[in-house]
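Participant: Provided below for reference: sequence and predicted model.
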Amino acid sequence: MKILIPAIHYPPVIGGFEVFSQNMAERIGKTDDVFVVTSRVIGTPNYEAKNKLRIFRISPQALKDLSCSGSKFVLGSMIWIFFKSLILIKKEKIELVHAQGFLSGILSYIIKKITKIPYIITIQSADFSVYHRNLNFKPIVHFYGKLEKTIFKNAIFCHAISKHLEKHFHKYGIQKTIVIPNGADIEKFRPDLNKTITRKKLGFDTKNLIICVSRLEHKNGTHDLIAAANYLKQQINDFKIVICGSGSQKEQLEKMIEEFELGDRIFLLGSILYSKIPQYVAAADIFIRPSLAEGFGNVFIEAMATGIAVIGTPVGGIVDFIRNRETGLFCEPENPKDIAEKIKLLIDDKELRRKISENGKKMVEEVYSWDIIADSIKKLYYRIKDNN
């Protein structure tokens, strides 16, 4: 089968969509022809081939900052990706297009109108007002909703990565839906049996290491985590919090750390190469991201795969895999004091932490391995092919 994936961003850019796209493309590309058309990234080749996967990076400019791309870059990339996709469809006789989110959905919708090639769409978020607070105006929200509905209705199938997101499809009356979650690479995200040594190598020699992997954006609640550390320092002497990621809140968070005098407790590491993330996560005791909204929460699953306990908020897709006090621990969103209490609970109660860690790791291995997820997506592709 021949599948086209028009993706605005693709690794080394890292996010839920990017990780999902790469894992699907590489695994399904072992047996089927997969063509990824995406934007250029500095230091990355414009063409790559691996097994039956071919990646074309094409855009007016090359992305420099892996954590941020402006509207001009996105618009220019979309135009170039669109025309390259049309060329590939004609040349390679593409059978199915797999849209990755709203912008990729726009491209796939137009492509379908021109070529009649069907598309499926995957969504990984739906809380527009939380993700785009600066655009939260009625006319914009209304227009976005109408365009989104059009994209969904014209897709041959709508794929959600969580039950929460499937409800978003149902809100528009979409019936052809399926839930297939994101996953974790259990070969890369593995337990660290020498945490003490690894921490020293990374420069975080502490008894209790807490990690958060997150873009520094309001919806991820990293500001609440820093406020929580201000409570935690009054109760726990030896702890450090490492935050991997960059974003628009960086300066605000740096000011908070300075105001709370947490410079020796909280470390903003900025963007870390995805290949290095497993080492940082596995070296920690606790993973936390106190999100205000979450389509799924890939990083939680990856942390679970390394055998560390996770703390999350009961929002969005997180409730699909965190069972409170079984596979993780819930904290209240936008409640720094409660966040601090839940961190302290896992630091103090080692038996609870051990149980959560073991249960979480087992669940990922049985349900959320990328090999299992890719097989489900591939079956969906062939189900569509057989019915057309």
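Facilitator: Received the coordinates, thanks.

Participant: any idea how far Ile384 is from Lys250?
Facilitator: Counting by Cβ to Cβ, to the nearest Å, the separation of Ile384 from Lys250 is 42 Å. C-beta coordinates here come from the backbone N, C-alpha and C atoms, glycine included.

Participant: My error: substitute Ile42 in the last question.
Facilitator: The separation that Ile42 has from Lys250, given Cβ to Cβ, amounts to 20 Å.

Participant: Mind checking which of the two has more residues around it?
Facilitator: Lys250 (18 against 11; other Cβ atoms under 10 Å).

Participant: Now name the helix or strand holding Thr122.
Facilitator: Using DSSP states H and E, Thr122 maps to strand 119-123.

Participant: Show me where the stretch 251-388 of the chain has its strands.
Facilitator: Secondary structure of the stretch 251-388 of the chain, counting by DSSP state E, counting those that start in this stretch: strands at 266-270, 286-289, 309-312, 329-330.

Participant: mind putting the ones you listed in a markdown table, distance to Leu380 and mean pLDDT included?
Facilitator: Output for those, formatted as a markdown table (distance: least, Cβ to Cβ, whole Å; pLDDT from 0 to 100):
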| stretch | distance to Leu380 | mean pLDDT |
| --- | --- | --- |
| strand 266-270 | 37 | 96 |
| strand 286-289 | 29 | 98 |
| strand 309-312 | 27 | 98 |
| strand 329-330 | 31 | 98 |
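
Participant: Could you dump those into TSV and include mean neighbour count?
Facilitator: Shown next, in TSV, are these (neighbours: other Cβ atoms under 10 Å):
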stretch	mean neighbour count
strand 266-270	18
strand 286-289	26
strand 309-312	26
strand 329-330	20
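
Participant: follow-up on the earlier one: can you tell me what sits against the strand holding Thr122?
Facilitator: 17, 20, 96-102, 104-105, 108-109, 111-112, 151-152, 154-161, 165, 168-169, 295, 380, 384 (Cβ atoms under 8 Å, 6 or more residues apart in numbering).

Participant: In helices, which of those fall?
Facilitator: 17, 20, 101-102, 104-105, 108-109, 111-112, 151-152, 154, 165, 168-169, 380, 384 (DSSP state H).

Participant: can you pull out the helices in the stretch 201-350 of the chain?
Facilitator: Using DSSP state H, counting those that start in this stretch, the helices found in the stretch 201-350 of the chain span residues 222-232, 250-259, 277-282, 298-305, 336-348, 350-367.

Participant: These into JSON lines, with extra columns for distance to Arg54 and mean pLDDT?
Facilitator: Output for those, formatted as JSON lines (distance: least, Cβ to Cβ, whole Å; pLDDT from 0 to 100):
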{"stretch": "helix 222-232", "distance to Arg54": "37", "mean pLDDT": "97"}
{"stretch": "helix 250-259", "distance to Arg54": "36", "mean pLDDT": "97"}
{"stretch": "helix 277-282", "distance to Arg54": "26", "mean pLDDT": "97"}
{"stretch": "helix 298-305", "distance to Arg54": "25", "mean pLDDT": "96"}
{"stretch": "helix 336-348", "distance to Arg54": "45", "mean pLDDT": "98"}
{"stretch": "helix 350-367", "distance to Arg54": "30", "mean pLDDT": "97"}
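
Participant: ranking those helices by burial, who's on top?
Facilitator: Highest mean neighbour count of the helices of the stretch 201-350 of the chain: helix 298-305, a mean of 28 (counted as mean count of other Cβ atoms under 10 Å).

Participant: Check which helices and strands that one sits against.
Facilitator: helix 16-28, strand 209-213, helix 277-282, strand 286-289, strand 309-312, helix 350-367 (3 or more Cβ pairs under 8 Å, 6 or more residues apart in numbering; DSSP states H and E).

Participant: will you turn these into TSV that also has distance to Ile243?
Facilitator: Shown next, in TSV, are the helices and strands packed on helix 298-305 (distance: least, Cβ to Cβ, whole Å):
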stretch	distance to Ile243
helix 16-28	18
strand 209-213	5
helix 277-282	10
strand 286-289	9
strand 309-312	14
helix 350-367	21
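
Participant: ok, back up a step: partners of the strand holding Thr122, with directions?
Facilitator: Taking DSSP bridges as the criterion, strand 119-123 sits next to strand 96-100 (parallel), strand 157-160 (parallel) in its sheet.

Participant: tell me the most buried of these?
Facilitator: strand 96-100 (a mean of 26).

Participant: In the chain, which strand is the longest?
Facilitator: Counting residues, the longest strand found in the chain (DSSP state E) is strand 53-63.

Participant: and the closest residue to Ile243 other than its chain neighbours, how many neighbours?
Facilitator: Closest residue in space to Ile243, ignoring its immediate chain neighbours: Cys212 at 4.8 Å, by Cβ to Cβ, 6 or more residues apart in numbering. By the criterion of other Cβ under 10 Å, Cys212 has 27 neighbours.

Participant: next one: the one 5 residues further on
Facilitator: Summarising burial for Glu217: neighbours were counted as other Cβ under 10 Å, giving 20.

Participant: For Ile120, which non-adjacent residue is spatially closest?
Facilitator: Leaving aside its sequence neighbours, Ile120 sits nearest to Phe157 (Cβ to Cβ, 6+ apart; 4.3 Å).

Participant: typo on my end, Phe239
Facilitator: Using Cβ to Cβ, 6+ apart, the nearest residue to Phe239 is Asn208, at 4.1 Å.

Participant: Quick check: which element contains Ser39?
Facilitator: strand 33-41.

Participant: ok so, going back, ok, the residue nearest to Ile243 - contacts?
Facilitator: 222, 225, 241-245, 287-289.

Participant: Let me have these in CSV, adding distance to Leu75 as columns.
Facilitator: Supplementary listing: these in CSV, determined by distance: Cβ to Cβ, whole Å:
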residue, distance to Leu75
Thr222, 29
Leu225, 34
Ile241, 37
Val242, 35
Ile243, 31
Cys244, 29
Gly245, 25
Phe287, 36
Ile288, 36
Arg289, 30
